[in-house]
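In: Sequence first, then the predicted structure:
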Amino acid sequence: MRSVEFYTQAARACKEGKEDESKNWNFAGNAFYYAAENLEKAIEAEIEGKPLVALKWREVADQQASSVEYFTKAARADALGKKDGVISWNGAGNGFYNAALKLGKAIEAEVAGKSAVAQKYREAAKQYKRSVEYYVQAAKAYEAGKEEEGYRCHNAGLDLCKAAENLAS
């Protein structure tokens, strides 16, 4: 039900012509929605007698849920007109969100007996998760008026995301 709150915020922002703010509220809603879907996969794995697979799907759900905080911060920063902060908070949210997607693909590859592929996805997930730290540092630096530091940290986050994309391709 939490996702409905975020979708409502997205609709309100869209109605007011605040497109970027709306997108971030929508991303937060999607993250909760997909976290619930992954919890469902965990329950299914438990029912099938696969507790390790269930545990891994719970981890995916946790990663999805973690992105909500940062998408929310991006939406709030946008409402305050802090564009640099919006981009970095959004990057942090996407870091967790994409880490969750890659972990999900790793689980699917493992279940299919493709351990080498699964390992690549796990490594990509780690890179995405590491990017969050840099995006958060960037957002905080921008908020403190430290533009150069924000720029450097944001680019470090981008570099980790690019590395993750290369690992998973």
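Out: That came through fine. All figures in this text were calculated on a predicted structure; none of them were measured in a lab. Numbering: from 1, shown residues only.

In: Next, count neighbours for residue 23.
Out: Residue 23: 19 surrounding residues under other Cβ atoms under 10 Å. The way it works is simple: take the backbone N, C-alpha and C, and place the C-beta from them, glycine included.

In: Model confidence score at it, please.
Out: Predicted confidence (pLDDT) at residue 23: the value is 93.

In: separation between it and residue 153?
Out: Separation of residue 23 from residue 153 (Cβ to Cβ, to the nearest Å): 22 Å.

In: what does residue 91 give?
Out: 10 Å.

In: Now for the two: what residues contact both?
Out: Here residue 91 and residue 153 have 135, 138 as joint contacts, going by Cβ atoms under 8 Å, 6 or more residues apart in numbering.

In: Which residue lies nearest the spatial centre of the chain?
Out: Centroid-nearest residue in the chain, with Cα atoms, centre = their mean: residue 97, separated by 2.1 Å.

In: Tell me which helix or strand it sits in.
Out: Using DSSP states H and E, residue 97 maps to helix 83-111.

In: how far out from the middle of the chain is whatever helix or strand comes next after that helix?
Out: Going down the chain from helix 83-111, the next helix or strand is helix 115-143, by DSSP H and E. Distance, stretch centre to chain centre, for helix 115-143: 9 Å (Cα atoms, centre = their mean, to the nearest Å).

In: And for the following helix or strand past helix 115-143, what's in contact with it?
Out: Moving toward the C-terminus from helix 115-143, the next helix or strand (DSSP H and E) is helix 147-168. For helix 147-168, contacts defined as Cβ under 8 Å, 6+ apart pick out 84, 87-88, 91-92, 94-95, 98, 102, 105, 120-121, 123-125, 127-128, 130-135, 137-139, 141-142.
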